[in-house]
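Novice: need a structure here:
(chains A and B)
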Amino acid sequence: MSKSTLALPKSVRRYGPIAALGLISVWTLLPLVWMFISSLKIRRSMFEFPPTIIFDPTLQYYQEMFLGSNPVTPFLINSIIVALGTAVLSVGFGTLGGYGLSRLDLRGKKHLAFWIISTRMAPIVVVVIPLFYIYNALNLLNTHIGLIIAHTTFNLPFAIWLMQSFFDEVPEALEEAAMIDGATRWQAFRKVSLPLVLPGMGATAIIAIVFSWNDFIFALIFTSNATQTMPVAASQLITQTGTLWGRVMATGVVILLPMVTFGIIVKRYLVSGLTMGAVKQ
Amino acid sequence: MAEHQQTAEVSRIRGAYVGEEPEESDRSILESLPVSFEMLLLLPSVLTLAVLSIIPLVVMIFLSFHEVNFTPVEEQIFIGLENYVQMAGDGSFWNSWKVTAIYVGGSLSLQLVLGVLISVMLHRVIKGENLFTSIIIMPMMIAPVVVGLIWQFLLDPSFGLYTYLLNQVGLFVSQPILGNSDSAMAAVILMDTWQWTPLIVLIVLARLKSIPEHLYEAARVDGATGITQFRYVTLPLLKPAIAIALLLRSMDLMRYFAKVFITTGGGPSSSTKIIGLYVYEQALRFFNLGYGSATGLVLLIITILMGLAFVETIMGGAGDDE
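Specialist: Numbering: from 1, shown residues only, chains lettered A, B, ... in the order given. Next up is the predicted model:
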C-alpha cells in the first residue's frame, strides 16, 4: 500500500494550493482595485507610469457624476425602475409557474419545461430584432414598460426554473397534511409551501435585478435619452475625442457596487441561481 | 361542508374512496375548472412566455423573407429566399462563425481547465474558502459594459496598467494589444475567462463537496495515489457537473456580445466579430432587418440545439417522461 502521493515536498503540497488561490485572487481583484483607485485619481496622476500608489484621493468624479451639469441620477432611476419592474413581474409569475411546474403531473412535462427554458437561451440579438420591429409598430420604443417587457423575456423563464427547483425541495407531504386539516389547494400553497421558499424568492428577485441592471444590448436599442439605463450611459462616455477615464471608472464603480453587494448577499443561492436550479450548493 | 371537502381531498390524495361522495356544489371554484390547479398557476407564465417568444419568432421568420425599409416609407418587400441565398455566399457571415468557434472554443477550454484546477485546490484548502468564494463571485455580478470598460482601460496602449506590465517584459511595446488580430482575440477570451471561470469553479466545487469521503478511502485502500485517484474517482464523478458548466457557458458565449462590442467592436478587421455581434450589426446598425433576421434564425437554431443538449444532460432526456 503506497502512501506517497505526488513526488512533491510536503510544504509545496500544503501551501501550494493556498499560494495558487492567492494568485487567482490577485488576478480577480486587480482590475477592480485598479478601477476604484483610478476613479479617485486626478486626471494628471492617472496616466503616470510607473503607476503611483500613493496619491491624494479626490471625490471629484463622484461629485461631478451626481451634482455636475450632466448628472447620472436620471439614468440611475431608470435602471432602478426597470430592474424592479421586471423583478416583480418575473418573480410573481415565476413563483406561481414554478410551483405549477414542480407539482404538475403531466405527460410531456419535460417538453414544457424545455420550451420554457429555451426562451431564456435565445441569443439576445435574436430577441432584439423582432422586438425592435414590434415596438416600432406599437410605439413601445423608448418607454420603461418596453424595456421591462424585454427584460422579462429572459428573467421570467429563469425565475420559473429556479422557483421550481426550490418548490421541488418542499415535500408534498406537508401540503397533503395541511389539506387533511381542511386547507384548500390554494391555502396549502399559500400558507405551507410559499413561506418555505421565501428565501428562494428573495434570491430569485435579486438575481433577476442583477440580470436586468447589467443588460446592455436591450437597453441600447430600446431606450433613448429619457429612458437610458446606467450601462448605456456609461458606454456613451467613451468618445473619439477624449475620454474622461476618471469619470468612466467612477460610473463603473457606481454600477457594479450594488450588484457585487447583492451577489455576496445571495452567495448561498448563487450557484443554483446562475445554473437555473440545475446545481445545488 | 368542510368535512365533505376534506374527505374529498383525502380520497383524491390517497386514491381511495373515503366517506360520502361530495356533491358538485361543494367543490371549490378552483377544482371545478377544467384545468388542474398546477396548470392554472402555470398559465400566466406560459401565456406571457408564449406571447414573448412565439410572436417575436413568427415576426422574425416573416422578416427573414422580406426586405425591410424604414425610409422613405416603412415597407416590407417579399423577396422569398433571397436573404438566405445571400447568407450562403456571404464570406463575412461564415468568417463570423469561424471567429465564434475560436472564441467559444478558446474560452471554454481555458475556463474548464482553470475552473477544475481552482475548485480542486479550493476543495483541499480548509480555511479561507468563504473569503475566496466571495472574491471570485464579484466579476460575475458586474455588467458586461463595465467589464469591457475596465479591460479597455487596462489594455490601453498608452496608459493601461496591463500594457505597462507587459511592456516591462518586452511584450506589446510597439503594438497595441487590441490592435492586433491574435492578441485582440486572446484579450476578449481572457476577459470572459476573468469574468466567468468562477461559475465553473462554483459548479464543480458543489459537486466535489457531494462526493462521499469513503469513495476516496476505498480508492486509497486499492492503492490509488493522488493523480490516479483524481483520474479514476474524482473526474468521472465530476462529469455531469462539467457538462452543465460547459453547456451553460457555451450558450452564454453565444448569447452575449456586449463585452466584445465595448472593447474591440469586432475589430481589428472583423477578427473578433463573433456571430451575435455580426447579426446585431446587420440588423440594427445597417438596419438590414430582413438579412439580420435570416442570420439570427441560424444563430437561434444552433443555440437551441445546444440548449437541448443541456436539458438532455440535466434531465436525462427532454423527450421521454418517466
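Novice: run a quick neighbour tally on residue 74.
Specialist: Using chain A. 14 (other CB atoms under 10 Å in any protein chain shown). C-beta: built from backbone N, CA, C; applies to glycine.
Novice: meant chain B actually
Specialist: 11.
Novice: where does the residue of the stretch 201-322 of chain B found nearest chain A land on pLDDT?
Specialist: Closest to chain A within the stretch 201-322 of chain B is B:G226: 3.6 Å, counting by CB to the nearest CB. Note on B:G226: pLDDT of 76.
Novice: what about it, neighbour count?
Specialist: 13.
Novice: repeat for the one 5 residues further on
Specialist: Counted with other CB under 10 Å, residues neighbouring B:R231 total 12.
Novice: from B:I302, how far off is A:L174?
Specialist: Using CB to CB, to the nearest Å, we find A:L174 at a distance of 43 Å from B:I302.
Novice: domain parsing for chain A?
Specialist: A:10-60, A:65-274 (automatic domain parsing).
Novice: scratch that, chain B
Specialist: According to automatic domain parsing, the ranges for chain B are B:1-32, B:93-315.
Novice: A:F167 is nearest to which of those domains?
Specialist: domain B:93-315 (16.2 Å; CB to CB).
Novice: mean confidence for the longest helix seen in chain A?
Specialist: If you go by DSSP state H, chain A has its longest helix at helix A:73-103. For helix A:73-103, mean pLDDT is 95.
Novice: of the domains of chain B, flag the one that's most buried.
Specialist: Neighbour counts (mean count of other CB atoms under 10 Å in any protein chain shown) averaged over each of these peak at domain B:93-315, with a mean of 19.
Novice: just how off-centre is it within its chain?
Specialist: From the chain centre to the centre of domain B:93-315 is a distance of 10 Å (CA atoms, centre = their mean, to the nearest Å).
Novice: redo the domains of chain A as JSON lines? Include distance to chain B.
Specialist: What follows is those, written out as JSON lines (distance: least, CB to the nearest CB, whole Å):
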{"stretch": "domain A:10-60", "distance to chain B": "4"}
{"stretch": "domain A:65-274", "distance to chain B": "3"}
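Novice: those: which one's closest to B:P72?
Specialist: Comparing those under CB to CB, the one sitting nearest is domain A:65-274, at 15.8 Å.
Novice: just give me how far the closest one sits from the chain centre.
Specialist: For domain A:65-274, the distance to the chain centre is 7 Å (CA atoms, centre = their mean).
Novice: ends of it, how far apart?
Specialist: End-to-end distance for domain A:65-274, by CA to CA, to the nearest Å: 32 Å.
Novice: now the helices for the stretch 51-200 of chain A?
Specialist: A:60-67, A:73-103, A:109-121, A:124-138, A:144-168, A:172-180, A:185-187, A:194-214 (DSSP state H, counting those that start in this stretch).
Novice: picking that back up, got the angle for the longest helix of chain A vs helix A:194-214?
Specialist: Taking axes from the mean of the first three to the mean of the last three CA atoms, to 10 degrees, one finds helix A:73-103 and helix A:194-214 inclined to each other by 140 degrees.
Novice: tell me the buried residues in helix A:73-103?
Specialist: A:75-76, A:78-87, A:89-103 (16 or more other CB atoms under 10 Å in any protein chain shown).
Novice: what packs against that helix?
Specialist: helix A:109-121, helix A:144-168, helix A:194-214, helix A:230-235, helix B:37-64 (3 or more CB pairs under 8 Å, 6 or more residues apart in numbering or on different chains; DSSP states H and E).
Novice: compare these and give me the one nearest A:M276.
Specialist: helix A:144-168 (4.2 Å).
Novice: that closest one: which residues count as buried?
Specialist: A:144, A:146-167.
Novice: what packs against it?
Specialist: Right, helix A:144-168 is packed against helix A:73-103, helix A:109-121, helix A:124-138, helix A:194-214, helix A:217-222, helix A:267-274, helix B:37-64 by 3+ CB pairs under 8 Å, 6+ apart.
Novice: deepest of the ones you listed, which one?
Specialist: helix A:217-222 (a mean of 24).
Novice: pLDDT averaged over it - what is it?
Specialist: Helix A:217-222 comes out at a mean pLDDT of 94.
Novice: ok, stretch B:57-70 next?
Specialist: For stretch B:57-70, the per-residue pLDDT averages 90.
Novice: output it as CSV, nothing but the C-alphas.
Specialist: The C-alpha coordinates for stretch B:57-70 follow below in CSV (Å, rounded to 0.1, in the frame of the first residue of the first chain):
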residue,chain,number,x,y,z
LEU,B,57,-40.3,34.2,-33.6
VAL,B,58,-43.1,34.5,-36.1
VAL,B,59,-42.2,38.1,-36.8
MET,B,60,-38.5,37.1,-37.3
ILE,B,61,-39.3,34.3,-39.7
PHE,B,62,-41.6,36.8,-41.6
LEU,B,63,-38.9,39.4,-41.7
SER,B,64,-36.3,36.9,-42.9
PHE,B,65,-38.3,36.5,-46.2
HIS,B,66,-38.5,40.3,-46.7
GLU,B,67,-36.5,43.3,-47.4
VAL,B,68,-37.4,45.8,-44.7
ASN,B,69,-37.1,49.5,-45.4
PHE,B,70,-37.7,52.3,-42.9
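Novice: whether that stretch contacts chain A - can you check?
Specialist: Yes: residues of stretch B:57-70 contacting chain A under CB under 8 Å from any CB of the partner chain: B:L57, B:V59, B:M60, B:L63, B:V68.
Novice: now do the same contact list for the fourth one.
Specialist: Taking CB atoms under 8 Å, 6 or more residues apart in numbering or on different chains, we find B:L63 in contact with A:I129, A:P130, A:Y133, B:Q76, B:L289, B:G290, B:G292, B:S293.
Novice: element containing the residue nearest to B:E129 when sequence neighbours are not counted?
Specialist: Among residues not flanking B:E129 along the chain, B:L122 sits closest, at 5.9 Å (CB to CB, 6 or more residues apart in numbering or on different chains). Element membership for B:L122 (DSSP states H and E) is helix B:91-124.
Novice: off-centre distance for that helix?
Specialist: On CA atoms, centre = their mean, the centre of helix B:91-124 falls 13 Å from that of its chain.
Novice: which strands and helices sit next to it?
Specialist: Contacts defined by 3+ CB pairs under 8 Å, 6+ apart place helix B:91-124 against helix A:10-38, helix B:129-136, helix B:181-210, helix B:235-255, helix B:275-280.
Novice: mean confidence for that helix?
Specialist: 93.
Novice: what is the orientation angle of that helix with helix B:235-255?
Specialist: For helix B:91-124 against helix B:235-255, the angle by the same axes, to 10 degrees is 140 degrees.
Novice: was I right about A:L101 contacting A:H111?
Specialist: No: A:L101 lies out of contact with A:H111 (CB atoms under 8 Å); the separation is 11.9 Å.
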